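Participant: okay, structure incoming, though there's no sequence with it:
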């Protein structure tokens, strides 16, 4: 598959380029694809890797999520789950890309990768989570 699509985005990065305790990752982390002309019946498969390093070289957890397009639209999204994925590391990174499988049977295409820093470490050393 060739890389033809733009990268997905993490709309709640704070600070830019980072997902931290401020986003309450135990509620999931949203990944969005925007400005792509999706058609009814298309399938968007999000590929997510949570890594234990900032450069995305040491995978700790992976998950795939599928968004089935039910009406013509220009956006699709997936919420990365906490259990078994985001809770796998305290500090590191999240890598996301997606594959678009068109309903018309044409060849699937794959997006560029997006990477964001991920940290559940609070100033002072405590680790945030659903219970604190």
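Facilitator: Perfect, I can see it now. Quick caveat: nothing in here was measured; it's all calculated off a predicted structure.
Participant: by mean pLDDT, flag the weakest helix or strand of the protein.
Facilitator: Lowest on mean pLDDT, DSSP states H and E among the helices and strands of the chain sits strand 3-5, with a mean of 68.
Participant: burial of residue 51, as a residue count?
Facilitator: A count of nearby residues for residue 51, using other Cβ atoms under 10 Å, gives 22. (Each C-beta comes from the backbone N, C-alpha and C, glycine too.)
Participant: after the least confident helix or strand of the chain, next one along is what?
Facilitator: Downstream of strand 3-5, the next assigned helix or strand under DSSP states H and E is strand 18-19.
Participant: report all helices and strands that that next one contacts.
Facilitator: For strand 18-19, the contact count by 3 or more Cβ pairs under 8 Å, 6 or more residues apart in numbering; DSSP states H and E identifies strand 114-119 as packing neighbours.
Participant: and for the strand it packs on, what's in contact with it?
Facilitator: 7-10, 13, 17-21, 25, 31, 50, 54, 56, 86, 89-97 (Cβ atoms under 8 Å, 6 or more residues apart in numbering).
Participant: let's see 6 Å
Facilitator: 7-8, 10, 13, 17-20, 54, 56, 91-96 (Cβ atoms under 6 Å, 6 or more residues apart in numbering).
Participant: and for stretch 98-105?
Facilitator: With Cβ under 6 Å, 6+ apart, stretch 98-105 has contacts from 8, 33, 39, 41-46, 108-111.
Participant: for this structure, what are the low-confidence residue spans?
Facilitator: Counting by pLDDT under 70, the chain has low-confidence residues at 1-4.
Participant: again, only using 90
Facilitator: Applying pLDDT under 90 to the chain picks out residues 1-6, 13-17, 35-36, 123-125, 131-132.
Participant: let me see the contact set for residue 33.
Facilitator: 8, 76, 98.
Participant: turn those into JSON lines, including neighbour count.
Facilitator: Shown next, in JSON lines, are the contacts of residue 33 (neighbours: other Cβ atoms under 10 Å):
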{"residue": "8", "neighbour count": "26"}
{"residue": "76", "neighbour count": "22"}
{"residue": "98", "neighbour count": "28"}
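Participant: which of those residues sits closest to residue 120?
Facilitator: The shortest approach to residue 120 among the contacts of residue 33 belongs to residue 8, at 21.4 Å (Cβ to Cβ).
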